[in-house]
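Asker: following is a predicted model, sequence given first.
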Amino acid sequence: MWRKYKVPAALLLACLLAGCREEGVRQEEGQQEAENTIEIGMTFDSFVIERWQRDRDVFVSAAQELGAEVNVQNANGDLQEQISQIEYFIQKNVDAIVIVAIDSNGLSEAVEEARRAGIPVVAYDRLICDADVDLYISFDNEEVGRLMGEHMREHLGEGGNVLQVCGPMADNNVPLVMGGFSEALEDSGLTVVGTEHAEGWLAETGFLATAEYLGTGEIPDGIMCGNDSIAGQAIRALSEQRLAGSVCVVGQDADLDACQRIVEGTQCMTVYKPVEKLARRAAEMAVALARGEEVSTAERMDDGSYSVPYERLDPVAVTKDNMDEVITGKYHEESDIYLNIRDR
Ligand code: BGC
């Protein structure tokens, strides 16, 4: 019996060698595949605000579809941490670095280092100043402010007093939004009576600034908020004085709870920014840059020292009237937006 199955030693050796060779080829192929796979390093400010998780998920899956892997890091609002993450990406020799800057003025050296190492850099959603990035991709932030201002103007036809609770000036989007807003208020009879900045985008500032203003005995006609999180907190302060719904509060991001407040009547409007479009487009362009291809944009933006390629996307104003047309079933589900509305 044994003899029947016995394999001659020479044949066994040949098989083993062939197996080894195959294994070797497989390993080499694997290595080559790893070398060919594009790696993108992406550092986020933080994921506290709802939209950024969507930005991350869409960016990562769009990049994967294009054959790239994304190493995502969260700097948790800490600029030094973000700089270390960029340095880690440089050491790792990734093919491109994508940055949601915590401080638009604090990253020029880190970006310069990356570019010296031949790694292209993308400023995602927020411009990085004096850094000569390879691409800046964002929504038209001045238009975001303009849409807020135009809405307030329309809603408060008689004019009145407006409180501003903006994001931090370290975020380059903030002065742009403020600029657009004040442009829209020109000759409107609306007066900005106070401006606060939420450092680190801390939403609580919306509550504190509003409560403080109400504490003076004055009631603002409108509150311009840097985003929907701040708006939520401003409305919390208003509701403590039973004023929610009687002050025109505007924000941006079309967060789910802001959409709920809009249909419930306590927030006047938000600015919707299709972040899926932004993330997909950014992934396509980052992968192209990583492959050493040229990317072309219709516009350029001055970063203080250089004129950089700028890919601009358009924001959309959302009120109760166009909620279903723009948001329902597309950005948020109907049952979630109208969660607290009985008859619909
Ligand atoms: C973005 C907003 C966001 C805010 C806080 C800004 O740069 O434009 O959409 O709400 O950052 O994360």
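Answerer: Noted; the coordinates are in hand. Keep in mind it's a predicted model, so treat the numbers as computed, not measured.
Asker: how about stretch 110-128: buried residues?
Answerer: Neighbour counts using 16 or more other Cβ atoms under 10 Å place 110-111, 114-115, 119-128 of stretch 110-128 among the buried residues. Every C-beta, even on glycine, is put in place using the N, C-alpha and C of the backbone.
Asker: ok, stretch 136-155 next?
Answerer: Buried positions in stretch 136-155, judged by neighbour count with 16+ other Cβ under 10 Å: 136-153.
Asker: give me phi/psi at the closest residue to the ligand within the stretch 51-200 of the chain?
Answerer: Proximity to the ligand, evaluated over the stretch 51-200 of the chain using Cβ to the nearest ligand atom, is greatest for residue 173 at 4.1 Å. Comment: the main-chain dihedrals of residue 173 come out as phi -70, psi -30, following degrees, to the nearest 10.
Asker: what is the burial count for it?
Answerer: For residue 173, the tally of surrounding residues (other Cβ atoms under 10 Å) stands at 24.
Asker: that one and residue 273, how far apart?
Answerer: Between residue 173 and residue 273 the distance, using Cβ to Cβ, to the nearest Å, works out to 10 Å.
Asker: can you tell me what sits against stretch 250-261?
Answerer: Counting by Cβ atoms under 8 Å, 6 or more residues apart in numbering, the neighbours of stretch 250-261 from elsewhere in the structure are 49-51, 144, 148, 151-152, 177, 222-232, 235, 267-273, 315, 318, 323, 327, 331-332, 336-340.
Asker: spell out which parts of the chain neighbour the ligand.
Answerer: Residues of the chain found near the ligand, taking Cβ under 6 Å from any ligand atom as the criterion, are 49, 51, 125-126, 167, 171, 173, 201, 227, 252-253.
Asker: if you set the cut-off to 5 Å instead, what comes out?
Answerer: Contact residues of the chain with respect to the ligand, defined by Cβ under 5 Å from any ligand atom, are listed as 49, 126, 171, 173, 201, 227, 253.
Asker: where does pLDDT dip in this structure?
Answerer: By pLDDT under 70, the weakly predicted segments of the chain are 1-35.
Asker: okay, domains of it per the record?
Answerer: Taking automatic domain parsing as the domain assignment, the record places the domains of the chain at 36-140+275-313, 141-273+317-337.
Asker: please name the nearest non-neighbouring residue to the residue of the stretch 51-200 of the chain closest to the ligand.
Answerer: Once its chain neighbours are removed from consideration, residue 173 has its nearest residue in residue 141; the separation is 4.5 Å (Cβ to Cβ, 6 or more residues apart in numbering).
Asker: partner strands of the helix or strand hosting residue 223, parallel or antiparallel?
Answerer: Here residue 223, judged by DSSP states H and E, is contained in strand 222-225. Strand pairing for strand 222-225, using DSSP bridges, gives strand 160-166 (parallel), strand 248-252 (parallel).
Asker: can you redo these as JSON lines with mean neighbour count?
Answerer: Formatted as JSON lines, those follow (neighbours: other Cβ atoms under 10 Å):
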{"stretch": "strand 160-166", "mean neighbour count": "23"}
{"stretch": "strand 248-252", "mean neighbour count": "28"}
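Asker: how many residues are close by the closest residue to residue 299 other than its chain neighbours?
Answerer: Once flanking residues are discounted, residue 299 sits nearest to residue 310: 4.4 Å by Cβ to Cβ, 6+ apart. Residues within reach of residue 310, counting by other Cβ under 10 Å, total 20.
Asker: quick one: which helix or strand includes residue 310?
Answerer: The secondary structure element spanning residue 310 is strand 307-313 (assigned by DSSP H and E).
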